[in-house]
Structures are given as C-alpha cells and as structure tokens.
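Visitor: based on what follows, work out the 3D shape:
(one chain, ligands or ions: 2)
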Amino acid sequence: MTEVKNTIQNRRFTYTPHLKNLLLNYSVVFFYALLLAALAHLDWGGMSSTGIIVTIIVASIIADFVSGLWHLFVDYYPLNYQLGYDKLLFFKGKRDSKEFMRLRQSILFTGSFMEQLAYHYKAHHKFPKCSHSINKNFLDTSIGSFAALFYAFFLLLAYKLDNPSGIFLLALLHAYPEYILGVLIFAALVANIELIHHCVHFPKEFPIAGRVIRFLQTFGLVYPSKTHTRHHRGDGVGFCFITGHTNFFVGYIRKFLLDRGIITEDRWHGKP
Ligand SMILES: [Zn+2]
Ligand SMILES: [Zn+2]
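Guide: Residues are numbered from 1 along each chain as shown. Ligands and ions are numbered 1, 2, ... in the order given. Below is the predicted model of the structure:
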C-alpha cells in the first residue's frame, strides 16, 4: 500500500474525483436498475443455498480470469507509432501542460477504439494519477458488463416464457436459475472493475468504497495493492482485476505467448 502511495505522490497532478459525474452517469443507474430487476425475477426458490454459494464462487473465478485475459490483451496491444501515440506516451514535458493537452487532442482520437484503449492502459502504468479517470476507463468494462446483463435478461425471458419457440427455446436449454445468477454476478463484478482499481490506487477518494476494498483485501477477496504496484513496475504480474486468484493462470498464458514470440515485452512498454 505504501509503495502504491509513493508511486502516486511522485506523479501527482491536478485531478478531481469523478464520483459526482459517476453518480449522474445514467448508464450506471440504468445498469443497476436492470440488475436489480433481473435479480427480483430470478427463481430463487429453484436454487439450493449450496447452489447459490457455488455459483458465487465460480462466477467470481470466471470474472477474475476473463478480466485478466482482457487486461493481458490490451496491455500487449501495440502502440500506434504512425498516428504518433508514442509522442503522447513518451512526452517529455508536463502532462497537464497546454502543449500536452493540444497534442493529446490532435492525436488520441485519431486511433481506433483498441488503439486508444492500449494507449490509456500504457499511460496509466507510467502515470497512475494523471491517466486514470474512472469515467474515461469505464467504457471497456461497461461494454462487457452490459453484454452479460442483456444475455442474462435473454435467458430469464426464455425461462419465464411458458411455451418458448425459436431462439428462446434454444436459450431455455441452459437457462437454469444458477446459471442466470452466475451471469448476473459476472456482470456486476465486471461493472465494478474500475471502481475496485481506483480504490486500490486512491482509497481516500471514495472513502466508503475505499474502506470496503481494503477490508476485502485483508481477506484476500480483492487483489492486493502490492501486486498492482508490481504490475505498474512492469514485473509482468497481476493482470486479474477482481480477486486476483486466477493470476497464476493468466501468468502462465503470458509466459506461453512470450516464449513463442507471439507477444514481446517491449509491447507492454509501448516500444515498437
Ligand atoms: Zn496493465
Ligand atoms: Zn493501476
């Protein structure tokens, strides 16, 4: 934790927490309204308590692993030098200067969604404070969480329909209450990835969430700050963004890809 704080203090820039904006973000409100509606319509009576516990464990393992795979993919996505993204990442002056802002405005939005995302991830490694905004980084995780939520709704509809036909009949084949609950837990965990990440870095900016995350960290239910500091240093660890329990497996996949030259260490650093 101290190491994370030191890293951040060395790179402190003007920054305003975005809680107000986040709460006003209608997509977040919409997401939780849909999630609660789906949970309310679940067939809770059709599940045993053991089934619910197993579902929570399995869903959190899968969400952690998928988040790690996605993080690995984005971290090793090449930086686009043709569009000048290297000029942004390796900018020598102050990153809150007008010169940098102008450069950022002229370069950043010229790239594809993945190229912009790859830049944000790499910039966040180097400059955790100035490159991290919970709103800005919400996009990639919100796509995943909304996709899972709509999928759960689709299954729920198939389950509720008395005599389904067509695609609903196909969906009914795996529309078990435990499975739908698992998809909903997956969606909820993925939706909170950026909040968890933000609180791992800056627990005081969201006092209640920060305390909850620290409490969960003591029980090993959220990845430790130390591992995340090592990730920022470029130690090639800590890709999983929720509990961190599946880091060993993602680490194995990373090594497998590195050994075969499918990815290179330079890519993580944004080098050609
Ligand atoms: Zn990373
Ligand atoms: Zn970070």
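Visitor: can you map out the strands along the stretch 101-250 of the chain?
Guide: Per DSSP state E, counting those that start in this stretch, the stretch 101-250 of the chain carries no strands over any range.
Visitor: can you pull out the low-pLDDT segments for the stretch 101-250 of the chain?
Guide: 130-140 (pLDDT under 70).
Visitor: redo that, cut-off 80
Guide: Scanning the stretch 101-250 of the chain for pLDDT under 80 picks out the ranges 129-142, 161-175.
Visitor: nearest residue to the middle of the chain?
Guide: In the chain, the centroid-proximal residue (Cα atoms, centre = their mean) is Ile193; its distance is 4.0 Å.
Visitor: residues touching that one, list them.
Guide: By Cβ atoms under 8 Å, 6 or more residues apart in numbering, the residues touching Ile193 are 67, 141, 241-242. Any C-beta I mention is one placed from the backbone N, CA and C, and that applies to glycine too.
Visitor: turn these into JSON lines, columns for neighbour count and distance to Asp266.
Guide: Output for these, formatted as JSON lines (neighbours: other Cβ atoms under 10 Å; distance: Cβ to Cβ, whole Å):
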{"residue": "Ser67", "neighbour count": "27", "distance to Asp266": "24"}
{"residue": "Thr141", "neighbour count": "20", "distance to Asp266": "26"}
{"residue": "Phe241", "neighbour count": "27", "distance to Asp266": "23"}
{"residue": "Ile242", "neighbour count": "24", "distance to Asp266": "28"}
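Visitor: which pair in the residues you listed spans the largest distance?
Guide: Across the contacts of Ile193, the longest distance by Cβ to Cβ is 10.7 Å; it joins Thr141 and Ile242.
Visitor: so which strand or helix has Ser27?
Guide: Taking DSSP states H and E as the criterion, Ser27 maps to helix 26-40.
Visitor: what packs against that helix?
Guide: Secondary-structure packing of helix 26-40 (3 or more Cβ pairs under 8 Å, 6 or more residues apart in numbering; DSSP states H and E): helix 138-160, helix 177-191.
Visitor: list the buried residues of the longest one.
Guide: Neighbour-count burial for helix 138-160 flags 138, 140-142, 144-146, 148-149, 151-156, 158-159 (criterion: 16 or more other Cβ atoms under 10 Å).
Visitor: repeat for stretch 252-260
Guide: Buried-residue list, stretch 252-260, by 16+ other Cβ under 10 Å: 254, 258.
Visitor: got a list of contacts for that stretch?
Guide: 69, 72, 76, 236, 239, 263-265.
Visitor: from these, which would you call buried?
Guide: Here, 16+ other Cβ under 10 Å leaves 69, 72, 76, 236, 239, 263 buried among these.
Visitor: just to revisit the earlier point, for the helix or strand that the helix holding Ser27 is followed by, name the packing helices and strands.
Guide: As assigned by DSSP H and E, the chain's next helix or strand after helix 26-40 is helix 49-75. The contact analysis (3+ Cβ pairs under 8 Å, 6+ apart) places helix 49-75 against helix 113-126, helix 138-160, helix 177-191, helix 247-259.
Visitor: could you rerun that using 10 Å?
Guide: The helices and strands touching helix 49-75, judged by 3 or more Cβ pairs under 10 Å, 6 or more residues apart in numbering; DSSP states H and E, are helix 113-126, helix 138-160, helix 177-191, helix 193-201, helix 247-259, helix 265-269.
Visitor: looking at the ones you listed, which is nearest to Thr229?
Guide: Taking Cβ to Cβ, helix 193-201 is the member of those nearest to Thr229, at 9.4 Å.
Visitor: gap between that closest one and the chain center?
Guide: Centroid separation for helix 193-201 versus its chain: 9 Å, with Cα atoms, centre = their mean, to the nearest Å.
Visitor: which among the buried ones among the contacts of stretch 252-260 gets closest to Ile167?
Guide: Nearest to Ile167 among those: Leu69, at 27.4 Å, using Cβ to Cβ.
Visitor: if anything else comes up later, I'll come back, but that's it for now.
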